[in-house]
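*Asks:* how would this look folded up:
(one chain, ligands or ions: 2)
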Amino acid sequence: MDSTTPLPGLSAPPPPGAHALSPGSYDGRLVLVTGGGTGLGRAVAAEFARLGASLLLVSRREEHLAPARAELAKVPGAGPVTSQLCDIRDADRIAEVFDAAVAAHGRLPDVLVNNAAANFPVPSEDMTPNGWRAVVDITLTGTFLMTREFGRRHLAEGTPGSVIAVGASYAWTGGPGFAHSAAAKAGVKSLVESLAVEWGPYGIQVNGLVPGLMPHEDMTADIRTGLDRAPDPDARQPALRVGAPRELGWAATFLASPYARFISGHTLVVDGANWQRRDLVNAPVTPVREQLDRGPFAP
Ligand SMILES: CCC/C=C/C(=O)SCCNC(=O)CCNC(=O)[C@H](O)C(C)(C)COP(=O)([O-])OP(=O)([O-])OC[C@H]1O[C@@H](n2cnc3c(N)ncnc32)[C@H](O)[C@@H]1OP(=O)([O-])[O-]
Ligand SMILES: NC(=O)C1=CN([C@@H]2O[C@H](COP(=O)(O)OP(=O)(O)OC[C@H]3O[C@@H](n4cnc5c(N)ncnc54)[C@H](OP(=O)(O)O)[C@@H]3O)[C@@H](O)[C@H]2O)C=CC1
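*Replies:* Numbering: from 1, shown residues only. Ligands and ions are numbered 1, 2, ... in the order given. Model (predicted):
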C-alpha cells in the first residue's frame, strides 16, 4: 500500500436489520432495558427485539418511552413491548416495576440491561455536591438497585438470568471533565466483578459492556457540543470510523445468549481500540476549563 492509497480502517458494520444469532433466539424471553427509550438503550433493545424478545423499557420520561415503544413494537419478530416510568434511584419503585413485569409478561425479566446513566461535562472544582450525587446516584447506585432487585427475584424463584451493565472506558483511565461519571463507571465495573462471583452459583451471569463513541440523535446537548469541538470524529479513531449503535446491540445479544454463558465478570469494550490509544508524546495538554470554554476558576 503506497502513501497515496486511503487506509481502510475497520470495515463498516453489516446493515441495520442484520443479526449474527439465529432468528427467534430470544423468543419467549423478556429483556428489561433501563434508558431503553433513547439512544444506545433503544438500539440495544431493537436488537433483542429482532431476535424475538419481549421488551420492558424503563426510564423517567413518558416522552422518551412512548415513541420507543411504538417503534420497537414494529420490529419484525419482536414480542410484546411495554414500559414503566421509574427513576432508578428509587428502590421501592424498582420493586413495583418488577411486579409490573410479571403482571404484564407473566415472567421475570430474563435479561437486565443497565443502560441508563447520567453525565455532564464539568471541571471538578466547579462541581456542586448535588451535581456529583445526581450522576453517581443514577449511574452507580441506580445500576446497583436495579441489579439487586433482579438478583433477589431470581434467587427467590430459583431461575437463571443475565445482567449487562453499560459502562465507559474511562472506568480504567479516568475521565478528566467527567470525574463523577468516570468514578461511577469504575464502580459499575467493580460491581460486575463482585456480583458475577456472588451469583454465578445461582445461574446469574453478570457482565459489563462498554461502547466507544457511538453518536446518535438523542445525545445530550452538553455531550454533543463537546463532540462538535472536534471535527471529523472518524479520523480520530484507530478504526477510522465511529461506532454504530447497533454494534453495541449485537454485542449485548451475544453476551446474554447461551453461547456466552461461560463469560461472566467480564467487561467487553466495543470501541475499535480507541481507549488503548496512547502515544509517548501526546497532543499538548489543554486544561479542562479551557476545553469547556470556562473562564478562570472563581470560588
Ligand atoms: C463522554 C462519553 C461517555 C458518556 C457517558 C454518558 O453517560 S452519556 C449519558 C448522558 N445522559 C444523561 O445524562 C441523561 C439525561 N441527563 C439528566 O437527566 C441530567 O443531566 C441530570 C443527570 C443532572 C439529571 O439528574 P437530576 O434529575 O437529579 O438533576 P437535577 O436537575 O436535579 O440536577 C442535579 C444537580 O446537577 C447539576 N447539574 C445538572 N446539569 C448540570 C450541568 N450541565 N453542569 C453542571 N451541573 C449540572 C444541577 O445544577 C444540580 O446541582 P445543584 O444546582 O442542585 O447543586
Ligand atoms: N453515546 C456514547 O457514545 C457513549 C455512551 N455510554 C453509555 O451508554 C449508555 C447510554 O448512553 P446514551 O444512549 O448515549 O445516553 P442517553 O442520554 O440517550 O440515555 C440515557 C438514558 O438514561 C435514562 N435515565 C437517565 N436518568 C435516569 C434515571 N434516574 N432513572 C431512569 N432512567 C434514567 C434516560 O431516560 P429518561 O430521561 O426518560 O429517564 C435516557 O433514556 C450510558 O450508560 C452511557 O454512560 C458510554 C460511552 C459512550
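
*Asks:* With ligand 1 as the reference, measure out to Ile204.
*Replies:* 25 Å (Cβ to the nearest ligand atom, to the nearest Å). No exception for glycine: its C-beta is placed from N, CA and C like everyone else's.

*Asks:* show me the contacts for the nearest residue to that residue once chain neighbours are set aside.
*Replies:* In space, and not counting its chain neighbours, Ile204 is closest to Gly161: 4.9 Å by Cβ to Cβ, 6 or more residues apart in numbering. The neighbourhood of Gly161, defined by Cβ atoms under 8 Å, 6 or more residues apart in numbering, consists of 108-112, 150-151, 154, 203-205.

*Asks:* Those residues of the chain touching ligand 2, which are they?
*Replies:* Applying Cβ under 6 Å from any ligand atom, one finds that the chain approaches ligand 2 through 34-35, 37-41, 59-61, 64, 86-89, 115-119, 138, 142, 166, 168, 211, 213-214, 218-220.

*Asks:* sorry, back to before: just the closest of the contacts of Gly161 to ligand 2, please.
*Replies:* Minimum separation from ligand 2 among the contacts of Gly161 (Cβ to the nearest ligand atom) is found for Leu112, which lies at 13.1 Å.

*Asks:* Just the strands from the stretch 101-250 of the chain, written as ranges.
*Replies:* Along the stretch 101-250 of the chain, the segments classed as strands by DSSP state E, counting those that start in this stretch run 111-114, 161-166, 204-211.

*Asks:* Model confidence for the closest residue to Gly175 other than its chain neighbours, exactly?
*Replies:* For Gly175, the nearest residue in space outside its immediate sequence neighbours is Ala182; the separation is 3.2 Å by Cβ to Cβ, 6+ apart. pLDDT for Ala182: 98.

*Asks:* What of the one 5 residues further on?
*Replies:* Gly187 is assigned 99 on the pLDDT scale.

*Asks:* Check the one 4 residues further on too.
*Replies:* With respect to pLDDT, Leu191 scores 99.

*Asks:* As CSV, the contacts of Gly161 with neighbour count would be great.
*Replies:* As requested, the contacts of Gly161 are arranged in CSV below (neighbours: other Cβ atoms under 10 Å):
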residue, neighbour count
Leu108, 19
Pro109, 29
Asp110, 21
Val111, 24
Leu112, 30
Phe150, 27
Gly151, 19
His154, 22
Gly203, 14
Ile204, 22
Gln205, 23
